[in-house]
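**Student:** the sequence and its predicted three-dimensional model are supplied below.
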Amino acid sequence: MSTLIQGATIVAMGGNTGTEPFQGDILIEGDSITKIGKDIPPSPGVEVIDARGKLVMPGLVNAHLHTGEALYKGRYDNLPLELWMLYSYPVLDAEPLGERLIYLRSMLVAMEALKTGTTCFTDDMYESPQQSMAQLGAAVQAYDDVGIRATVSGHVVNKNYLDTVPFAREHVPAALQDEIGKSAPPSTEAYLEFAKEAYTRFHDRSGRIRFMVAPSAPQRCTEDLLLGANELAQQWKVPFHTHIVETKVQGCTGPALYGRSLMRYMHDLGLLHPGVTIAHSIWVSDEDIELMGDAGVSIVHNVISNQKLGAGIAPVRKLLGAGVNVGLGTDGICSNDSANMFDVIKAAGLIHKVTTPEYGRWLNAGEVLNAGTLAGAKTARIEHLTGSIEVGKRADLLFIDMKTSAFTPCNDIRNHLVYCENGSSIEAVMVNGDIVVRDGKLTRVDEAALLEELRQLMPEFLSYHAKVERSNSRLFPYIDEIHKKCALMDIGVNRLGTDDAYGTRQ
Ligand SMILES: [Zn+2]
């Protein structure tokens, strides 16, 4: 099966042209791009797509996402991460969700992602109280069915919650501590066995699905688990995907637990290297940034989620300057609260302009688009497969109508993509050479029927979840104390702008 795209305006995001638009044709044979040029003649049997007036660009890469939060979309507001997590990642009284609900939840996110131009995402899947193979399999099935490219984890926490939040043992009453202690976290051996089986079952399914290891965060996992997971990641050439210093509380965690920053702790364990992808990286010092740059790690900048949870602003210009690879992500679907990467791209284009008056240091549209495509692919260790339009890469493409109001009048296409477009000009989406969205509609699944089925299951889920919220809200006053305590601590870094919380200025 071959497809010839003729007369497109192409933004390749790779090769010699980078972000510079040009007119041309693209030949796709099977799942891959085999030729890019001008006036490529159609061979017999080739399907020709007339792309005059269309912009063709690589699909967006959402480099950090938790579909597990999708059922809480729009549920919470004005809660900082540690308090919000009590409800979205409950530690008390959570019951495993059924596979059909997980299939629909994953499908909900994947459908929105594809329709708004994301062809590839990294779903860092966590399940309370603990992920099962069947639950992970349900998500994989959804991504296989809808046609998206996805890397799934394997997200694990294997320490008692109270040992992952600084000062929790001092603040949380003994009776609640006992209650939390009753649920045993998985052992290192159990997680590594789980990862091996998941890799065997799911990795490279349909040429689109990949598996990665995802120890939740250095302070949430034991050292032997971190090291064991890293060994598997290196062996399989998949990401070691983790979270480091998203919030001020987490910024205080390294000094409180390990007598050094969490980034330094990772460095000392030998866990900073090019195969490591770090979500957030907000509360990093200049020394941390140097360690990260020297090691060649990737980070994912979750700019909307970081605002929603009051986490702070990642020092992206400094990170790029140090040589860190920077992708973009939505993060979870109840801290964003959607899977639309065009929103993230716009926010990333805007937020750094208020961090410094030195406008020469602001991110430009081309840099933001690179973070949303090729650099994102690199965070998933698949930059040889996707993220740009280049010969030999898989055909993961967006077809964007340039006659919409977002592109009328049309000046600098890169600026339009970052500041004007929101995904609504997308006509078609191709993943792995297959058209998965045509005329704005998903081609492989019945979206309306799937959404209706999910709505039917929601009353039962929400009544269960309301009980979980009540149960976990008992921790709220103590975690609130810790949040306030950490807000006042001086850790030598400030990422909350000039008016810091609780009146402190640094
Ligand atoms: Zn995350």
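**Tutor:** Now that the structure is in, tell me what you want to look at. Numbers count the residues shown, from 1 in each chain.
**Student:** report how many residues lie close to the residue nearest to Thr119 when sequence neighbours are not counted.
**Tutor:** Nearest residue to Thr119 in three dimensions, chain neighbours excluded: Gly59, at 2.5 Å (C-beta to C-beta, 6 or more residues apart in numbering). The way it works is simple: take the backbone N, C-alpha and C, and place the C-beta from them, glycine included. Using other C-beta atoms under 10 Å, Gly59 has 31 other residues around it.
**Student:** contact partners for Gly59?
**Tutor:** Each residue near Gly59 by C-beta atoms under 8 Å, 6 or more residues apart in numbering is listed here: 117-120, 149, 373, 386, 396-398, 429-431.
**Student:** ok, now with 6 Å
**Tutor:** Thr119, Asp396, Leu398 (C-beta atoms under 6 Å, 6 or more residues apart in numbering).
**Student:** please apply the same query to Glu29.
**Tutor:** Glu29 makes contact with Ser2 under the criterion C-beta under 6 Å, 6+ apart.
**Student:** and it, what's its pLDDT?
**Tutor:** The score at Glu29 is 98. That number is its pLDDT.
**Student:** give me the below-cutoff pLDDT ranges for the stretch 201-350 of the chain.
**Tutor:** Applying pLDDT under 70 to the stretch 201-350 of the chain flags no residue at all.
**Student:** which parts of it sit against the ion?
**Tutor:** Counting by C-beta under 5 Å from the ion, the stretch 201-350 of the chain comes close to the ion at Ala279, Asp331.
**Student:** all helices of the stretch 201-350 of the chain, in order?
**Tutor:** Per DSSP state H, counting those that start in this stretch, the stretch 201-350 of the chain carries helices over the ranges 223-236, 248-258, 262-268, 286-295, 303-308, 316-322, 341-351.
**Student:** kindly list the longest helix within the protein.
**Tutor:** helix 447-472 (DSSP state H).
**Student:** for that helix, buried residues please.
**Tutor:** Glu447, Leu450, Leu454, Leu457, His465, Val468, Glu469, Ser471, Asn472 (16 or more other C-beta atoms under 10 Å).
**Student:** give the contact list for the third one.
**Tutor:** Right, Leu454. Counted by C-beta under 6 Å, 6+ apart, Leu454 has contacts Leu104.
**Student:** could you check the pLDDT of it?
**Tutor:** 98.
**Student:** now the first one
**Tutor:** Here the pLDDT value assigned to Glu447 is 98.
**Student:** about what we covered before: and of the contacts of Gly59, the nearest to the ion?
**Tutor:** Thr119 (20.5 Å; C-beta to the ion).
**Student:** what's the helix or strand for the closest one?
**Tutor:** strand 118-123 (DSSP states H and E).
**Student:** Ile400 too?
**Tutor:** Element membership of Ile400 [criterion: DSSP H and E] is strand 397-401.
**Student:** before we move on, what about Gly7?
**Tutor:** Going by DSSP H and E, Gly7 is part of strand 2-10.
**Student:** what's the answer for Met57, then?
**Tutor:** strand 54-58.
**Student:** returning to that earlier point: out of the helices of the stretch 201-350 of the chain, flag the one nearest Glu69.
**Tutor:** helix 303-308 (9.9 Å; C-beta to C-beta).
**Student:** can you tell me what sits against the closest one?
**Tutor:** Asp331, Ser335, Asn336, Val344, Ala347, Ala348, Ile351.
**Student:** excluding chain neighbours, give the residue nearest to the third one in space.
**Tutor:** The reference is to Asn336. That would be Thr330: by C-beta to C-beta, 6+ apart, it lies 4.4 Å from Asn336.
**Student:** so that neighbour sits right up against Asp337, yeah?
**Tutor:** No - assessed by C-beta atoms under 6 Å, Thr330 is found out of contact with Asp337, at 8.9 Å.
**Student:** the two: which is more packed in?
**Tutor:** Just comparing Thr330 and Asp337: by other C-beta under 10 Å the higher neighbour count belongs to Thr330, 28 against 20.
**Student:** contacting residues for that one?
**Tutor:** Thr330 neighbours (C-beta under 6 Å, 6+ apart): Asn62, Leu65, Asn336, Ala339, Val344.
**Student:** now swap in Gly366 and tell me
**Tutor:** Contact analysis of Gly366 by C-beta under 6 Å, 6+ apart lists Thr19, Arg414.
**Student:** change the start of the numbering to 58 and stick with it
**Tutor:** Got it, the first residue is 58 from now on, which makes the last one we talked about Gly423.
**Student:** where's it, which helix or strand?
**Tutor:** helix 422-429.
**Student:** angle of that helix against helix 398-408?
**Tutor:** 130 degrees (axes from the mean of the first three to the mean of the last three C-alpha atoms, to 10 degrees).
**Student:** quick one: mean pLDDT for helix 422-429?
**Tutor:** The model assigns helix 422-429 a mean pLDDT of 98.
**Student:** tell me how far it lies from the chain's centre.
**Tutor:** Centroid displacement of helix 422-429 relative to its chain, using C-alpha atoms, centre = their mean, to the nearest Å, is 16 Å.
**Student:** over to stretch 528-542?
**Tutor:** On C-alpha atoms, centre = their mean, the centre of stretch 528-542 falls 27 Å from that of its chain.
**Student:** cool, and stretch 462-472?
**Tutor:** 27 Å.
**Student:** wait, what's in contact with the residue in the stretch 458-563 of the chain that the ion sits nearest to?
**Tutor:** Nearest residue of the stretch 458-563 of the chain to the ion: Arg552, at 16.7 Å (C-beta to the ion). By C-beta under 6 Å, 6+ apart, the residues touching Arg552 are Ile339, Trp340, Gly369, Ile370.
**Student:** do Thr412 as well
**Tutor:** Ile370.
**Student:** and it, what pLDDT?
**Tutor:** Per the predicted model, pLDDT is 92 at Thr412.
**Student:** could you do His228 as well?
**Tutor:** At His228, pLDDT is 98.
**Student:** Gly554 too?
**Tutor:** 67.
**Student:** kindly report the same for Pro153.
**Tutor:** pLDDT, Pro153: 97.
**Student:** number of nearby residues for it?
**Tutor:** Pro153 has 14 neighbours, counted by other C-beta under 10 Å.
**Student:** with the one 3 residues further on instead?
**Tutor:** Burial measure for Glu156: 16 neighbouring residues, criterion other C-beta under 10 Å.
**Student:** quick one, what contacts the closest residue to the ion within the stretch 158-307 of the chain?
**Tutor:** Using C-beta to the ion, His300 is the residue of the stretch 158-307 of the chain that sits closest to the ion, at 5.4 Å. When the contact criterion is C-beta under 6 Å, 6+ apart, the partners of His300 are Ala274, Ala336.
**Student:** ok, what's across the strand from it?
**Tutor:** Ala336 (DSSP bridges).
**Student:** next one: it from Lys92, what distance?
**Tutor:** Look at His300 and Lys92: by C-beta to C-beta, to the nearest Å, they are 41 Å apart.
**Student:** then Glu415?
**Tutor:** In terms of C-beta to C-beta, Glu415 sits 43 Å off from Lys92.
**Student:** looking at these two, which one has more neighbours?
**Tutor:** Lys92 (13 against 8).
**Student:** the more buried one and Leu84 touch, don't they?
**Tutor:** Yes - using C-beta under 6 Å, Lys92 is in contact with Leu84, at 3.9 Å.
**Student:** hang on, Ala207 in a helix?
**Tutor:** No - applying DSSP: H, G, I helix; E, B strand; the rest coil, one finds Ala207 to be strand, outside a helix.
**Student:** returning to that earlier point: how far does the strand holding Ile457 sit from its chain's centre?
**Tutor:** With C-alpha atoms, centre = their mean, you get 22 Å for strand 454-458.
**Student:** how about that strand: buried residues?
**Tutor:** Within strand 454-458, judged by 16+ other C-beta under 10 Å, the buried ones are Leu454, Leu455, Phe456, Ile457, Asp458.
**Student:** likewise for stretch 303-320?
**Tutor:** 303-312, 314, 318-320.
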